[in-house]
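[1] Build me a model from this:
(one chain, ligands or ions: 2)
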Amino acid sequence: MIFLKRYEELRAVKQELAARDWFPGTSGNLAIRTADQPTEFLVTASGKDKRQDTPDDFVHVDASGQLIGEQTGRPSAETLLHVEVFNRTTAGCSLHVHTIDNNVISELYGDQGEIRFAGQEIIKALGRWEEDAEIRVPIIPNHADIPTLAAAFAAHVHAESGAVLIRNHGITVWAPTAFEAKKQLEAFEFLFSYTLKLQTCRQAIH
Ligand SMILES: CSC[C@@H](O)[C@@H](O)C(=O)COP(=O)(O)O
Ligand SMILES: [Zn+2]
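    Ligands and ions are numbered 1, 2, ... in the order given. Model prediction:
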């Protein structure tokens with residue numbers, strides 16, 4: 001059954017991201033599409049320690065992020081961002097994590113409104129195989145009002161894969177499958193970490 005397959009896929013991604021320590025302070029939320037027309041998806045329950053594996057880790061919601069049927073959990077506070085991904089694209093999975101690296105990058109480049117990467121082998125993990133491929137990640141302000149944040153985020157959600165940095169908050173990455181979304185998230189975090197280390201090393205030399 002597709003629902004159970006997707007449930008297990010999202011659970012496995014959650015465990016892998018937890019092993020990377022990418023859920024500090026209960027931050028982060030994950031979502032996976034379980035049905036089309038109408039859209040339904042599983043999303044992490046709000047406020048939980050995502051490093052723990054429990055029967056209440058996910059809730060099942062509709063295209064507007066409302067609980068389907070009789071469930072007791074509370075959907076992630078940032079469910080509306082995943083709603084934008086699933087309603088605007090054919091993506092199957094959407095992942096949001098707060099890491100030190102993605103927060104520092106978002107602050108360093110926040111005034112520019114974006115960060116660009118080129119000349120890195122790992123860009124191929126983002127599906128770009130040309131030698132001169134350039135990857136652009138938009139950086140949006142961290143609006144406290146979630147509908148406002150979701151609207152700013154939605155302006156950058158067009159393709160079946162993508163990523164948006166929220167300044168001093170975190171990153172949301174989406175892709176057709178859970179495998180692809182995790183791969184792309186790892187590639188972005190690699191690029192962020194590389195950029196910060198390179199800048200630190202250059203400053204130490206000069
Ligand atoms: C504790 S981090 C702040 C949260 O508001 C949020 O940014 C987050 O990523 C987790 O919220 P959640 O409601 O658990 O999905
Ligand atoms: Zn968050």
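[2] which bits of the protein sit near ligand 1?
    Within the chain, the residues that sit near ligand 1 (CB under 6 Å from any ligand atom) are G25, T26, S27, G28, N29, T44, S46, G47, S76, A77, E78, H96. Heads up, the C-betas are built off the backbone N, CA and C, glycines and all.
[3] Who are the packing partners of the top helix by length along the chain?
    Determined from DSSP state H, the single longest helix within the chain is helix 178-205. When contacts are defined as 3 or more CB pairs under 8 Å, 6 or more residues apart in numbering; DSSP states H and E, helix 178-205 packs onto helix 2-19, strand 93-97, helix 100-108, strand 114-118, strand 162-166, strand 170-175.
[4] Could you rerun that using 6 Å?
    The helices and strands touching helix 178-205, judged by 3 or more CB pairs under 6 Å, 6 or more residues apart in numbering; DSSP states H and E, are helix 2-19, strand 93-97, helix 100-108, strand 170-175.
[5] okay if I get those as TSV plus mean pLDDT and mean neighbour count?
    Converted to TSV, the helices and strands packed on helix 178-205 look like this (pLDDT from 0 to 100; neighbours: other CB atoms under 10 Å):
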stretch	mean pLDDT	mean neighbour count
helix 2-19	98	16
strand 93-97	99	26
helix 100-108	98	18
strand 170-175	99	26
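[6] Now distance to K183 too, for those, in JSON lines please.
    Formatted as JSON lines, those follow (distance: least, CB to CB, whole Å):
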{"stretch": "helix 2-19", "distance to K183": "10"}
{"stretch": "strand 93-97", "distance to K183": "11"}
{"stretch": "helix 100-108", "distance to K183": "16"}
{"stretch": "strand 170-175", "distance to K183": "8"}
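[7] follow-up on the earlier one: if I take the longest helix of the chain and strand 114-118, what angle do their directions form?
    Interaxial angle, helix 178-205 versus strand 114-118 (axes from the mean of the first three to the mean of the last three CA atoms, to 10 degrees): 90 degrees.
[8] Can you point out the buried residues in helix 178-205?
    Across helix 178-205, burial judged by 16 or more other CB atoms under 10 Å covers 178, 180-193, 195.
[9] Going by distance to F86, which of the residues you listed wins?
    A181 (12.3 Å; CB to CB).
[10] Surely that closest one touches L95?
    Yes: with contact defined as CB atoms under 6 Å, A181 and L95 form a contacting pair (5.1 Å).
[11] so what sits against both of the two?
    Jointly contacting A181 and L95 under the rule CB atoms under 6 Å, 6 or more residues apart in numbering are V173.
[12] Tell me which helix or strand I139 sits in.
    Here I139 sits within strand 134-140, counting by DSSP states H and E.
[13] Between strand 162-166 and that strand, find me the angle.
    Interaxial angle of strand 134-140 relative to strand 162-166 (the same axes, to 10 degrees): 40 degrees.
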